[in-house]
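Asks: sequence plus the predicted model coming up.
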Amino acid sequence: MEYNNETLPVESRATMLRRLFVFICLTLGGMCLAALLISFIVKNPPTAVQLRISTILQDVIVFIFPAVAIAVVSSRLPARFLSLDRVPHVWPMFWAIVALIVSAPIQNQIIAWNEAIRLPESMVSVERWMRAAEESARASAEIIMGGSTVGDLIMGLLVAGIPAGLSEELFFRGALQRIFTLSDRHVHAAIWSAAFIFSAMHFQFYGFLPRLLLGAFFGYVVAWSGSLWIAIIVHALNNMMVVVSSWNARRLGVDNQLEAIGIDSPLMLAFSLLLTIAALSMLYRCCRKNLAQKHRELTKNS
């Protein structure tokens, strides 16, 4: 395989399309199998145990299996294909976590803007369907993470927190973004394409924009650091923060305070934006050495 003067191998568009076709087939097969198994498990009305089992099945069959399978058939080094062969460095990890935390007010404001979108009157039936789907997804999440005991918190973290970070990053950044990335010249298109599909596959229109930006953030973390582990850890941390804040709100009988941080506060939003830009800049600076090292390794092996 040829290498250019960038950090990623040059591959043909035909190779990319073949991999994408196989990956789509694996994913559709996983979806069908998961739907079949879940139909035997989840009854109406569903219980928390049933939804938790179906969530784990979906993570493994729909997300993890296609990602691992495409890596195995595409490369003699599957872990390298998925960017799992690099141990994450401390400082990139630190700045990625800082960027996630300080951006919370901006994320909340974007969520509020997205939820406030109204479609034209001619599309009122479509809007009604989308809001019904949103409420259904929210209700399922409440059942999965429901309860106010310590056991409920632990179960929520084990089902909705950590596994989703691993499975979704393997699928969207480890496999899909890697397939889309023909070379460094295509990395931005690959990141945003994978982020778009990441958000769309959640089938939640009123959370589409914030999830798109979050997916792009994870994508750049992988592209800059060369390690999927950082994105996995930060994604899992993001989910765990949601689980913990929701659990604490139920325990105290109050609204979720994490979701209200920065809403309609221009000063806090401006402060959050500046801190986020600074954290992302530091993350990129920390990763430049890693990118240069990866370039030297690939050049040496070419």
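Replies: Thanks, I have the structure now.

Asks: ok, residues contacting stretch 19-38?
Replies: Applying C-beta atoms under 8 Å, 6 or more residues apart in numbering, the contact partners of stretch 19-38 are 54, 57-58, 61-63, 65-66, 69-70, 73-74, 171, 175-176, 179-180. Every C-beta, even on glycine, is put in place using the N, C-alpha and C of the backbone.

Asks: all helices for this protein, in order.
Replies: With helices called from DSSP state H, the chain shows them at 13-41, 48-58, 65-74, 78-81, 90-102, 104-115, 124-144, 150-156, 162-168, 178-180, 187-200, 208-225, 228-252, 266-301.

Asks: now those in JSON lines, with distance to L258?
Replies: Formatted as JSON lines, the helices of the chain follow (distance: least, C-beta to C-beta, whole Å):
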{"stretch": "helix 13-41", "distance to L258": "30"}
{"stretch": "helix 48-58", "distance to L258": "21"}
{"stretch": "helix 65-74", "distance to L258": "30"}
{"stretch": "helix 78-81", "distance to L258": "35"}
{"stretch": "helix 90-102", "distance to L258": "11"}
{"stretch": "helix 104-115", "distance to L258": "7"}
{"stretch": "helix 124-144", "distance to L258": "15"}
{"stretch": "helix 150-156", "distance to L258": "14"}
{"stretch": "helix 162-168", "distance to L258": "17"}
{"stretch": "helix 178-180", "distance to L258": "32"}
{"stretch": "helix 187-200", "distance to L258": "20"}
{"stretch": "helix 208-225", "distance to L258": "14"}
{"stretch": "helix 228-252", "distance to L258": "4"}
{"stretch": "helix 266-301", "distance to L258": "14"}
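
Asks: any chance of a markdown table for the ones you listed, columns mean neighbour count and distance to E259?
Replies: What follows is the helices of the chain, written out as a markdown table (neighbours: other C-beta atoms under 10 Å; distance: least, C-beta to C-beta, whole Å):
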| stretch | mean neighbour count | distance to E259 |
| --- | --- | --- |
| helix 13-41 | 14 | 29 |
| helix 48-58 | 18 | 21 |
| helix 65-74 | 21 | 30 |
| helix 78-81 | 17 | 37 |
| helix 90-102 | 19 | 15 |
| helix 104-115 | 18 | 6 |
| helix 124-144 | 14 | 12 |
| helix 150-156 | 16 | 16 |
| helix 162-168 | 21 | 18 |
| helix 178-180 | 24 | 32 |
| helix 187-200 | 19 | 18 |
| helix 208-225 | 22 | 11 |
| helix 228-252 | 20 | 7 |
| helix 266-301 | 15 | 14 |
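
Asks: many thanks, have a good one.
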